[in-house]
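>>> how would this look folded up:
(one chain, ligands or ions: 1)
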Amino acid sequence: MQRIESPGQPPHYRFEALDCEALDGPEPSAGLLQAVTTRLGGVSREPWASLNLGQTVGDDPRAVAANEQRAYAALGVAAGQVITARQVHGADVARVGAAEAGRVAGAADALVTDAPGVVLLMRFADCTPVLFHAPDRGVVAIAHAGWRGALAGVAAHTARAMIEHYGCDPHTLRVGIGPSIGPCCYEVGAEVYGPMADRWGADVVDRTAGAPGKAHLNLPECSARALGEVGVEHIEMAAVCTCCRREEFFSHRGDGGHTGRFAALIGLR
Ligand SMILES: [Zn+2]
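Numbering: from 1, shown residues only. Here you go, the predicted model:
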């Protein structure tokens, strides 16, 4: 990921892997809008300080609206373009388009579109953001993978929806796996690490780490393996732990469960 910073605007990150010159002409992916926001540059007070984009975490709605305005202005996005979902830790993929612009698309943990001019947005604080770009088909997607979603393979479901419904090719698909709680910090019980190790391989779990009876889970790696099963080759891992870097990102675990949300978003201009 590359950090983008302009004077007077909140910083954000973008994935190099999602950019592709082939489709868009001289500017690398001039047609692609993608970002992972941080917690910096907003107006919310503790424990949401400061660029909280979560509307259901107890923060003042006026502060969240002001934060949205700042984030959208920095990215050149209008609120009426943005499509979100009610994130429920599942693996359902919603196919959306212009009809859903400016709205919540319903309960889903992944959104896919081939409509230019709309922006898919989801909110995070430790769960894994996964951004997808099929430059040869003009299709983008986003997924939200907490441990339940990762266990259910939400990233793979999203890639399959792009392949089956939009004719995307897994070999040319580009994916960015964003900041999320890392194997350094994600201590879980056997009810979590057991099924994850069974599904994605024993080495996504470090049983030598953590308190007795606990282990550390490599959550983003589970999504990478799910994508590998579908044949996705171009994957950029941010390898940024939200819990270690909570001065820059919101972390549910690191901030004691009471915190804000940063956003990941993607769209075709
Ligand atoms: Zn960490």
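>>> where does the closest residue to the ion within the stretch 1-150 of the chain land in three-state SS?
Closest to the ion within the stretch 1-150 of the chain is D126: 9.9 Å, counting by Cβ to the ion. Just so you know, the C-beta spots here come from the backbone N, C-alpha and C atoms, and that holds for glycine as well. When classified by DSSP: H, G, I helix; E, B strand; the rest coil, D126 comes out as coil.
>>> One more: G80?
Look at G80: counting by three-state DSSP, its state is helix.
>>> ok, R246 touching R253?
No: with contacts counted by Cβ atoms under 8 Å, R246 stays clear of R253, the gap being 9.1 Å.
>>> Next, count neighbours for G90.
The tally of other residues near G90 (other Cβ atoms under 10 Å) stands at 17.
>>> What does the closest residue to it other than its chain neighbours show for phi and psi?
In this structure, G90 finds its nearest non-sequential neighbour in D109, 5.1 Å apart by Cβ to Cβ, 6 or more residues apart in numbering. The phi/psi pair for D109 (degrees, to the nearest 10) reads phi -110, psi 10.
>>> Next one, pLDDT for D109 please.
You'll see D109 listed with a pLDDT of 98.
>>> and it, what does it touch?
Neighbouring residues of D109 by Cβ atoms under 8 Å, 6 or more residues apart in numbering: 85, 87-93, 122, 143-145, 149, 154.
>>> Got a quick PyMOL command for the buried subset of the residues you listed?
Here is the PyMOL selection string for the buried members of those, based on 16 or more other Cβ atoms under 10 Å:
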select buried, resi 85+87+89+90+91+92+93+122+143+144+145+149+154
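>>> ok, now how distant is L18 from P195?
In this view, L18 and P195 are 30 Å apart by Cβ to Cβ, to the nearest Å.
>>> which one of these two has more residues nearby?
L18 (22 against 13).
>>> What sits closest to that one if chain neighbours are left out?
Leaving aside its sequence neighbours, L18 sits nearest to H133 (Cβ to Cβ, 6+ apart; 4.5 Å).
>>> Okay, and the beta partners of that neighbour?
Beta-bridge partners of H133, counted by DSSP bridges, are V140, R174.
>>> Go ahead and confirm it touches R174.
Yes: in terms of Cβ under 8 Å, H133 counts as a neighbour of R174; the distance is 4.8 Å.
>>> what sits in contact with each of those two?
With Cβ under 8 Å, 6+ apart as the test, H133 and R174 both reach L18, C20.
>>> Those two: which has the busier surroundings?
Ranked by neighbour count (other Cβ under 10 Å), H133 and R174 place H133 first, with 29 against 23.
>>> ok, F15 - how many residues close by?
For F15, the neighbour count with other Cβ under 10 Å is 25.
>>> for R14, same thing?
As a burial measure, R14 scores 21 neighbours (other Cβ under 10 Å).
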